[in-house]
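Peer 1: quick one, fold the following:
(one chain, ligands or ions: 1)
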Amino acid sequence: MVSLSMVLIWLAFVRGLLPGASAGKPEKTQLYIGGIFPMTGGGWSGGQACLPAALMALQDVNYREDILPGYHLNMIHNDSECNPGIGTNVMYRLIYHPPPKLMLLTGCSSVSTHIAEAAYMWNLMVLAYGSSSPALSDRKRFRTFFRTHPSAVLHNQARIRMFQYYQWSKISIIQETQEVFTSTIEDLEKRAKEANITIATRQSFLSDPTNAVRSLKRQDARIIVGVFYEDMALKVFCQVYKEKMYGNRHVWFIIGWYPDNWYQKVEENDVNCTVDQMREALQGHFTTEMTMRSLDDTPSFSGLNVSQFDEELLIKLNNSDPNDTPGYPEAPLAYDAVWALALALNQTITRLTEKGVNVGLDKFTYDNSTIFREFYRAMDSTSFQGVSGPVQFLSTGDRLTLTQIEQMWDGRYYKIGYYDNKNNNWTLNHSIVRWNGPHPPYDRTLVVEDLRLVSMELYVGMCSSALVAMLAAFGCLVFNVLNRNVRYITMSQPGLNNIAVLGCITCLSCIFLFGLDNSSLSEDQFTAICQARTWVLVVGFTLAVGSMFSKIWRVHRLTTRAREEDKVVEAWKLYALLGLFLAVDVIIMTVWQLTNPMTRYLEEFPQEVPEGSDDIVIQPKLEHCTCDNFTIWLGVLYGYKGLLLLFGVFLAYETRDVNIKDINDTRYVGMSIYNIVVLCLITAPVTILISSQQDATFAFTSLAILFCTVITLGLIFIPKIMNYKQKSIEETSQPLQAPGVTQEEEEKQKRLQEENDTMKKQITQKEERIRELQKSLKELLKEGQKMTNTFLAPPGVGRLQATGNNFTRLSASSMASSSAVSSYASNATEVFEEVLDTPPPKYRGKAPSISFDVGNETIERVPDHVMLPTVKVTLSDEPAEDGGQFESFL
Ligand code: ABU
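Peer 2: Numbers count the residues shown, from 1 in each chain. Here you go, the predicted structure:
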């Protein structure tokens, strides 16, 4: 403390603050510069600390013998209120009120912009101690501008580095509508783009940030860069508090050159929040600012180090609280600015002398470009150690310094690191960085996409059912193919039925495609499946319905055409009709696919917030197949299929009472078409209505396909299978009849045929027997000659008697009375036929018959020719029951 007091006393002596310091010295030539300081105003009123610092520097310069020897540097200054209009007015007054000013010293970007743009017209250089606008780096626009205050682009480099470090790739911006901030944000946007960081939203406001903050909230801004003057910062964070846009979900980056207690000035700025609320809203925010005080205690060219400078400044500020004094952070820049211009003027003297221009600086006029040019060059090459660090100007008039990063915690700022813009490296003290939550906030609400899929149980259930139905359909197909020659099957147009089965199988396979897990599919794969399932369903439908339609169309023709030749529909025509239906399908689908190919459309549902999570929301989505003019194409397809079904229903109705044996399943086919129509009429509109419910849509569509196919298969094949079991092979393999014969006619014909067959068979057997008997008789007759005397019937016996071993049975009967016939059996094996030549007189006219038992058969013959008996037969006189009497004869 003692040594510091000594230094200050020495400095005061050097600067002539103590009496006698300048005594006896020759009068100095007065030089003037103009000073424009924002002492008041709502933006940046940094003049409050910068003006004392500049005056301090003037004193230091004026009392240095080696700087501007023979000259005394003066500054005429005024308040710009950080207002471009007032600032410009101050400039004109400085210019047009003598003496001429060698240079203008300015602060506040919006004022500096106007002044620097115009000053070159008067050969005036502008040196800014408090202007950060990146726009001021435009040499073409601001030809004579230099600044000790670094450009705000240096904030941006540090910010980008922070974003990258914490892996924030989406940021939002809120800015006050001032060129200084607009150009800063333009630079930030450019750098963010280069670093692949997205600017989610950029909000601007002129004087009321309420809507801008609300808009940030609406857009879920998490990492927010705010650039505004101090008065607006109070309003912004009051609104931030109200909108609850702080805490563990948000990170704010703002400008660091406000006084440390800026947030406490709520009352004087008429902000409707308490200091505690402001502190709460600001907890954990980061600031970036160029270093404005040398980081080490190296004495500056002026002889002061930073702490000495601050001590002296405090005296100038009447010991007011630096944290409460606007411009206190920038004060070293104002101090160094005066030193920079003094050194440049000093060098100008040398340069002019070297060039042989013996003109004093006091001879400077606004149209004197000689002094101006040398002054400019001298300024351009300025290089010295200031209290703010090394002072050097780039070709743009800018100055490079380190960027300092601070974080506020509990109302206090803590330095957490520096970014070296020149060498592009940084130091960050991670250990003192604190977060409101357990980890750095995310740069966005993590939206977890939840692709709504058909539930696994439902998918497995439906696919299993489809598989069973497909196996059954395959079984029907096999049955139909194996029994294709069986009459009952043959007469049911098995070819078309086979195609119907294939159509059913094709439709059933769609069920697998409809409920497929799309989560692992790329967009292209999904689109391909979309198209495939449309094709499969369309073709399957046409195969199934088209083949049934063909059959029923044929029946309709058979029953409705008058002329026989019109009734006949050749098989190839049925297949051609089916081919036509398929061709129409292919044409429609191909044109559709070529003109409006299917694409994936993701339907989004309201987001769901999982319990206990601030950063994650679930975004349910459902994939749909769609395309341009989707409704039109759907209408075309439904229209075509609808017409097919409608016509099919008409034909089925027309032929409802027809029973034609050669297409024996007509009625069932008609019923199938009715069934398909009903199910399609229900399914098509319902699935459109419930398309946002994937399970319901899948279940409904699958069930419709299952019902359509299973009922169709059942109606067509169950009767055939049952019939197959019941009918004998003979019945089912009878030859085909001519078309158009009814069942009754066929059964009658069949009966007649059977009778005819039986009779033919009997005739054949009888003829064969006759041939055998005739042959036997001939042989017997030959034998009979030899046996004549052997057979003598005893007289008086009313029976034909034969002795010997040659007769099995001999019977005679009278045509008058069969009961009179007597028969005798013997063991004879020989057969003979007795033929009465002439019936007895009493019975003349009535041919007797005689029967012989030969072996197991009885042969009854009525003689139609005369054969003389070769045996002697005695007939008894015993009268017959009818009163007749046989007479004996030979
Ligand atoms: N550090 C104060 C900058 C003020 C301005 O650029 O307007």
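Peer 1: just the closest residue of the stretch 301-450 of the chain to the ligand, please.
Peer 2: Among the residues of the stretch 301-450 of the chain, E330 lies closest to the ligand, at 5.0 Å counting by C-beta to the nearest ligand atom. Just so you know, the C-beta spots here come from the backbone N, C-alpha and C atoms, and that holds for glycine as well.
Peer 1: these two touch, right, that residue and H149?
Peer 2: Yes - when contacts are counted by C-beta atoms under 8 Å, E330 is listed as touching H149 (6.5 Å).
Peer 1: which of these two has more neighbours?
Peer 2: The neighbour count for E330 versus H149, taken as other C-beta atoms under 10 Å, is higher for H149 (31 against 28).
Peer 1: how about the more buried one, what does it touch?
Peer 2: By C-beta atoms under 8 Å, 6 or more residues apart in numbering, the contact list for H149 reads G107, A128, Y129, G130, S131, S132, M290, E330, L333, R399.
Peer 1: what kind of secondary structure is it in?
Peer 2: Per DSSP: H, G, I helix; E, B strand; the rest coil, the local secondary structure of H149 is coil.
Peer 1: ok, now L622?
Peer 2: When classified by three-state DSSP, L622 comes out as strand.
Peer 1: check what pLDDT it gets.
Peer 2: L622 is assigned 89 on the pLDDT scale.
Peer 1: tell me the bridge partners for it.
Peer 2: Beta-bridge pairing for L622 (DSSP bridges): E603.
Peer 1: next one: it from the ligand, what distance?
Peer 2: Using C-beta to the nearest ligand atom, to the nearest Å, one obtains 52 Å as the distance from L622 to the ligand.
Peer 1: touching, that residue and F605? I think so.
Peer 2: Yes - the pair L622 / F605 is scored as a contact, 7.2 Å apart, by C-beta under 8 Å.
Peer 1: tell me which of these two has more neighbours.
Peer 2: Neighbours were tallied for L622 and for F605 using other C-beta under 10 Å; the higher tally belongs to L622 (19 against 13).
Peer 1: tell me where the stretch 351-500 of the chain has strands.
Peer 2: Taking DSSP state E, counting those that start in this stretch as the criterion, the stretch 351-500 of the chain contains strands spanning 383-386, 389-392, 402-409, 412-420, 425-428, 446-451.
Peer 1: quick one: the third one to strand 412-420, angle?
Peer 2: The one in question is strand 402-409. 150 degrees (axes from the mean of the first three to the mean of the last three C-alpha atoms, to 10 degrees).
Peer 1: now stretch 77-96: how far from the chain's centre is it?
Peer 2: 62 Å (C-alpha atoms, centre = their mean, to the nearest Å).
Peer 1: what touches both of E330 and H149?
Peer 2: Counting by C-beta under 8 Å, 6+ apart, the residues touching both E330 and H149 are G107, Y129, G130.
Peer 1: and these near the ligand, which?
Peer 2: G130 (C-beta under 6 Å from any ligand atom).
Peer 1: strands - which of the shared contacts of E330 and H149 land there?
Peer 2: G107, Y129, G130 (DSSP state E).
Peer 1: next, the residue of the stretch 701-850 of the chain found nearest the ligand: phi, psi?
Peer 2: The nearest approach of the stretch 701-850 of the chain to the ligand comes at T701, 66.2 Å away (C-beta to the nearest ligand atom). Backbone torsions of T701, given as degrees, to the nearest 10, read phi -60, psi -40.
Peer 1: in this structure, what helix or strand scores lowest on average pLDDT?
Peer 2: Of all helical and strand segments in the chain, the minimum by mean pLDDT, DSSP states H and E falls on strand 822-825, at a mean of 36.
Peer 1: so where do the strands sit in the stretch 201-350 of the chain?
Peer 2: Using DSSP E, counting those that start in this stretch, strands in the stretch 201-350 of the chain cover 223-227, 251-255, 286-290.
Peer 1: distance between the helix or strand containing T590 and the chain's centre?
Peer 2: According to DSSP states H and E, T590 maps onto helix 571-595. Here helix 571-595 shows a centroid-to-chain-centroid distance of 31 Å under the convention C-alpha atoms, centre = their mean.
Peer 1: buried ones in it?
Peer 2: L574, L577, L578, F581, D585, I588, M589, W592 (16 or more other C-beta atoms under 10 Å).
Peer 1: do the same with stretch 408-418
Peer 2: So for stretch 408-418, counting by 16+ other C-beta under 10 Å, buried means M408, W409, G411, Y413, I416, G417, Y418.
Peer 1: cool, and stretch 83-93?
Peer 2: By neighbour count with 16+ other C-beta under 10 Å, stretch 83-93 contains the buried residues N83, P84, I86, G87, T88, V90, M91.
Peer 1: out of those residues, give me the two with the largest separation.
Peer 2: Greatest spacing in the buried residues of stretch 83-93, by C-beta to C-beta: N83 and M91 (12.2 Å).
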